[in-house]
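Undergrad: curious how this folds, go ahead:
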Amino acid sequence: MPAGPARSWSTGGGSTPASPWRSAWRAPTSPPSRVWPRATNSIRWVQSPQDELAANFGIPAESIRVISPFVGGAFGNSARAWPHITIAALAARETGRPVKLVLTREQLYYGVGYRPSYDYKVRLGSDRRGRLAAMVHDLRAETSRYETFAERGVLSPGQMLYTTPNVAQMHRTVPLDVNTPTPMRGPGYSTAAFPIESAMDELAHKLGIDPIELRQRNEPDNDQSSGRPFSTRRLRECYTTGAREFGWNRRNPTPRSTRDGDWLVGTGMATALYDTLRAPAQVSVRLDADGTALVESATSDMGPGTYTSMTQVAADALGLAVRHVTFRLGDTNMPTAPLHGGSLTMASVGSTVRDGCDKLRQQAIELAVEDEDSPLYGVSAEDVVVRGGRLHVRDNPARGETYRQLLTRNNRTHLEALGSWTPGQSRSSMYAYGAVFAEVGVDARLGLVRVRRMLGVFDAGRIISPKLADSQAIGAMVGGIGMALLEHTVTDHRDGRIVNANLADYLVPVNADVPDLKAIYVDGEDTEADPLGVKGLGEVVLVGVAPAIANAVFHATGRRVRDLPITAESLL
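TA: Presented below is the predicted three-dimensional model:
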């Protein structure tokens, strides 16, 4: 039975990140024609400006050093080198002086990228029991006239999220007189989730089926787009855990049935997913004679806590206290690392850190068991463990010595190892999943929407640091509130000028907009994806937030809003 005519949803441009600063300089006494700049950038992939500057100036990439120890916010636009980086480097080269280039808030709207706007039409067909039979997707996305940007992942949710025998998809880019868009947090997937999950909610309402039950009836046994089995998929557990913790069973399914004074109260939910990306990486590890370790990689930290999480992985693998491990990043002179984005850093760089530290720990063990003066001499290397910086026999903790004692006695100033990891080919489909629940209040007379509480339950594999995971999840919920209710770039189509290019008119969530937020992570790991068993968390936690809020607004008011952000005007 058809669920009705094609429905169209549109998503506006996303938030513009905090202002980055770039500077580039060279030795002022050197001849300008022979010395090239070293750049310090707020960018989350140091190889990007290195390659860009090398191409622009016609010099070898190794002649350029890029340093970015702190990013200070990214969410998408800091993944590539924008023109002002080249301008700063050119000015430094020509003047022979340090150059600091700072973009104003208004310039950020013209000089860097943003989430592209979409016109997305989706049509669902099902039988009366809610079994999906067909799904049709027709989406148009903006891009610039001078460069084609086609967002990856935007078609994936419609291909494999639910069991659907017949799927048709059309994705067209529309060249416009705009700056080139860029991926923004949850790229592709968060865009597609809004229309797909809104349509599923609408289908559930038309059929009189609970929204969670409808999704469970269409839960696939394998990846519908490829036929491959899932490495892990605990989405059903996300549904059941979320429903229990959120109190979903107390929900009156009739729209506009619950009030709290002047406020119409509604609840909604949505499914989230994001693919588990991985990439080759390298890392250097050094253990000094004083029992401290230094780990380095050219990755970045834009806020998820790369410094902390990599230190934790290294400390665990080396058998050291966290305070005795230092992790450094963000320098092209360090071993190469992939783009810091797509939720791939923990899987990729983390697995590399573990490999390098395992190698170094094994070096120390072999040195000890072959040293006639060591208490571990003659012991099988497999029987030696390291805890608290001390090597000892597994079943006899009293027999052992510290890293410091071992290296000092052997006149070693340090031990070194190079870690590397490259993901292998997998026959499985790898994704992180989630179920997001939201409760909203809508002022019956004014149409104002306020999120009252929100819960996200996520299947993201092994959680390395629960505190950092909560920071990611809660931060994404805040960003999702902005995506659903506040953030909107207004363009004057007469001249292409962005009207609200300032912090006063471009609205983002503040403390008063942030309600009771909670995240839960289901137990499990995915060792098929990577040695650490992680699946990526930073993206999936945003994907389902906007549709969950939109579905809650429908439940509160009985009005389906198909454009983001949801404004008071659309509810009056």
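
Undergrad: from Ala272, how far out is the closest residue to Asp138 other than its chain neighbours?
TA: The spatially closest residue to Asp138, leaving aside those adjacent along the chain, is Lys121, at 4.4 Å (Cβ to Cβ, 6 or more residues apart in numbering). Every residue, glycine included, has its C-beta placed from N, CA and C. Relative to Ala272, Lys121 is positioned 22 Å away (Cβ to Cβ, to the nearest Å).

Undergrad: which one's more surrounded, those two?
TA: Counting neighbours by other Cβ atoms under 10 Å for Lys121 and for Ala272 shows that Ala272 has the greater number, 34 against 19.

Undergrad: so which strand or helix has that one?
TA: Assigned by DSSP states H and E, Ala272 falls within strand 263-275.

Undergrad: mean confidence for that strand?
TA: Average pLDDT, strand 263-275: 97.

Undergrad: repeat for stretch 520-532
TA: Along stretch 520-532, the predicted confidence averages to a pLDDT of 96.

Undergrad: what of stretch 329-344?
TA: 94.

Undergrad: what are the buried residues along that stretch?
TA: When burial is assessed from 16 or more other Cβ atoms under 10 Å, stretch 329-344 yields the following buried residues: 329-332, 334-344.

Undergrad: where exactly do the strands run in the stretch 301-450 of the chain?
TA: If you assign secondary structure with DSSP state E, counting those that start in this stretch, the strands in the stretch 301-450 of the chain sit at 325-329, 384-387, 390-393, 396-402, 414-421, 431-443, 449-459.

Undergrad: can you put those strands in JSON lines and add distance to Asn551?
TA: Listed next are the strands of the stretch 301-450 of the chain as JSON lines, based on distance: least, Cβ to Cβ, whole Å:
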{"stretch": "strand 325-329", "distance to Asn551": "40"}
{"stretch": "strand 384-387", "distance to Asn551": "49"}
{"stretch": "strand 390-393", "distance to Asn551": "55"}
{"stretch": "strand 396-402", "distance to Asn551": "56"}
{"stretch": "strand 414-421", "distance to Asn551": "40"}
{"stretch": "strand 431-443", "distance to Asn551": "8"}
{"stretch": "strand 449-459", "distance to Asn551": "12"}
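
Undergrad: Glu142: which element?
TA: Per DSSP H and E: strand 132-144 holds Glu142.

Undergrad: so after that strand, what's the next helix or strand?
TA: Going down the chain from strand 132-144, the next helix or strand is helix 156-160, by DSSP H and E.

Undergrad: worst mean pLDDT across the helices and strands of the protein, which element?
TA: Comparing every helix and strand of the chain by mean pLDDT, DSSP states H and E singles out strand 21-25 as the least confident one, with a mean of 31.

Undergrad: okay, Tyr506 and Leu486: tell me how far apart.
TA: Note on Tyr506: its distance to Leu486, by Cβ to Cβ, is 9 Å.

Undergrad: now Phe230
TA: Using Cβ to Cβ, one obtains 35 Å as the distance from Phe230 to Leu486.

Undergrad: same check on Ile498?
TA: When Cβ to Cβ is the yardstick, Ile498 and Leu486 sit 16 Å from each other.

Undergrad: ranking the strands of the stretch 301-450 of the chain by mean neighbour count, which comes first?
TA: Relative to the other members of those, strand 431-443 carries the highest mean neighbour count by mean count of other Cβ atoms under 10 Å, namely a mean of 27.

Undergrad: can you give me the angle that strand makes with strand 263-275?
TA: 170 degrees (axes from the mean of the first three to the mean of the last three Cα atoms, to 10 degrees).

Undergrad: neighbouring strands - and their directions - for strand 431-443?
TA: For strand 431-443, the paired strands and their directions (DSSP bridges) are strand 263-275 (antiparallel), strand 449-459 (antiparallel).

Undergrad: mind listing what the nearest residue to Arg217 once chain neighbours are set aside touches?
TA: If the residues on either side of it in the chain are set aside, Arg217 comes closest to Gly130, at 5.2 Å by Cβ to Cβ, 6+ apart. The neighbourhood of Gly130, defined by Cβ atoms under 8 Å, 6 or more residues apart in numbering, consists of 203-204, 207, 209, 213-214, 217-218.

Undergrad: for Leu418, find the nearest of the strands paired with strand 431-443.
TA: Shortest distance between Leu418 and those, using Cβ to Cβ, is found for strand 263-275: 28.8 Å.

Undergrad: next one: the closest one to chain centre, how far?
TA: Counting by Cα atoms, centre = their mean, to the nearest Å, strand 263-275 is centred 19 Å from the centre of its parent chain.

Undergrad: and the gap between the residue lying closest to Asp355 once chain neighbours are set aside and Leu572?
TA: Taking Cβ to Cβ, 6+ apart, and ignoring the residues beside it in sequence, Asp355 has Gly419 as its nearest neighbour in space, at 4.1 Å. Gly419 sits 59 Å away from Leu572, going by Cβ to Cβ.
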